[in-house]
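1. what would the 3D arrangement of this be:
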Amino acid sequence: MSETQKYQPTPEQIAKWKRIQELDSTAFAGILTEEQQWKNVKELLDPNFFQKRLEEVRAYKEKLLKKVASAEEYEEILIEAMERRKRRKENKL
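-> Numbers count the residues shown, from 1 in each chain. Predicted coordinates:
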């Protein structure tokens, strides 16, 4: 009897399937349930809705600004390191 070969997907296929699964997990299909529709309407009619959203946006903005500040500090460290290396190299010549 001959054995059937077990299917082995290529790494490219695995990566493609993984990406499809990631996209599927956030895909939206169909109509909102009535409960979800009412929840959305109540949120929009809430007099504090925009204030709450503004606070969320400001918190997110603050988080991003901290990341930018950190990246700028790291950028300066790298520039200084490159300049020190260049000066050392020039002094050796």
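
2. in this structure, what spans have low per-residue confidence?
-> Low-confidence segments of the chain, defined by pLDDT under 70, are located at 1-3, 25-30.

3. ok, which stretches of it are strands?
-> Residue ranges of strands cannot be listed for the chain, since DSSP state E assigns none.

4. residue closest to the middle of it?
-> Leu64 (11.9 Å; Cα atoms, centre = their mean).

5. give me the distance between that residue and Leu44.
-> 26 Å (Cβ to Cβ, to the nearest Å). For every residue, glycine as well, the C-beta is placed using N, CA and C.

6. cool, and Gln21?
-> From Gln21 over to Leu44 the distance is 33 Å, taken as Cβ to Cβ.

7. for Leu45, give me its contacts.
-> In this structure, Leu45 makes contact with no residue, judged by Cβ atoms under 8 Å, 6 or more residues apart in numbering.

8. how close does it sit to Trp38?
-> To Trp38, Leu45 is 10 Å away according to Cβ to Cβ.

9. biggest helix in this structure by residues?
-> Residue-count comparison of every helix in the chain, with assignments taken from DSSP state H, identifies helix 49-92 as the longest.

10. determine how far that helix lies from the middle of the whole chain.
-> When distances are taken as Cα atoms, centre = their mean, to the nearest Å, helix 49-92 is centred 17 Å away from the chain's centroid.
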